[in-house]
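K.L.:
sequence and computational prediction follow.
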Amino acid sequence: MRAGGRSPTWRAASITLAEPPRVAGKQAALPRGVLWSHWSHPLAFGLGSGLSPVAPGTAGTLLAWALHALAAPWLSPVAAWAIIIGGFVAGRWICQQVVDELGVQDHSAIVWDEIIAFWLVLQLAQADWLAQLALFGGFRFFDAVKPPPIGWLDRRIKGGWGVMIDDLAAALATLACLFAWRAL
């Protein structure tokens with residue numbers, strides 16, 4: 001319940017519910033048409049990859065990897081960094097809009113955070129495809145398991161920044177492992 005005793009309203013397309021949909025303690029699938037019901041949804045939901053019924057975070061990270069592979073040859077380093085930094089800052093507003101609309105903190109369908117964070121990993125790693133595969137696995141591990149301090153950030157920071165910050169921490173942990181491995 002929000003302050004003032006009102007339930008948060010959840011809207012998608014023409015659907016309005018008093019509470020976000022739940023299935024046995026988990027987040028339920030979103031209604032049809034939700035992807036295009038607001039300008040922020042295609043971005044927040046990773047062009048639909050976040051709507052995957054199985055492992056939406058992994059689907060979003062795979063999309064990030066594919067988009068990076070397609071775009072990297074055409075982007076200057078300055079352009080790539082502009083996308084990453086701009087995507088992180090814009091992600092705060094994009095994710096906040098969806099958090100407010102759904103009434104759910106970091107709904108599993110929101111994968112903009114995975115996309116931007118994995119682009120950061122790929123940009124800093126400058127690795128071949130086999131190393132990128134290992135980075136993909138490492139990033140998914142840190143994002144899913146959320147060891148300290150990632151889990152602490154996930155529990156403490158809410159809203160759009162909260163959605164973005166735990167994935168940034170997972171990206172930094174992945175990069176720390178890569179740099180430690182390279183140092184050996």
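P.N.:
Great, that's in hand. Residues are numbered from 1 along each chain as shown.

K.L.:
quick one: distance of stretch 160-176 to the chain centre.
P.N.:
9 Å (C-alpha atoms, centre = their mean, to the nearest Å).

K.L.:
check stretch 144-161 too.
P.N.:
That offset, for stretch 144-161, works out to 12 Å (C-alpha atoms, centre = their mean).

K.L.:
check the separation of the first and last residues in that stretch.
P.N.:
End-to-end distance for stretch 144-161: 18 Å, by C-alpha to C-alpha, to the nearest Å.

K.L.:
lowest confidence element among the helices and strands of the protein?
P.N.:
strand 15-17 (a mean of 39; mean pLDDT, DSSP states H and E).

K.L.:
once you drop chain neighbours, what's closest to the residue most central in space within the chain?
P.N.:
For the chain, the residue whose C-alpha lies nearest the mean C-alpha position (C-alpha atoms, centre = their mean) is Asp113; its distance is 2.5 Å. Computed as C-beta to C-beta, 6 or more residues apart in numbering, the closest residue to Asp113 that is not its neighbour in sequence is Asp167, at 4.0 Å. Using the backbone N, CA and C atoms, a C-beta is placed for each residue, glycine as well.

K.L.:
dump the residue contacts of that neighbour.
P.N.:
By C-beta atoms under 8 Å, 6 or more residues apart in numbering, the contact set of Asp167 is Asp113, Glu114, Ile116, Ala117, Asp143.

K.L.:
in helices, which of the residues you listed appear?
P.N.:
Asp113, Glu114, Ile116, Ala117, Asp143 (DSSP state H).

K.L.:
need the max-distance pair from the residues you listed.
P.N.:
Ile116 and Asp143 (12.3 Å; C-beta to C-beta).
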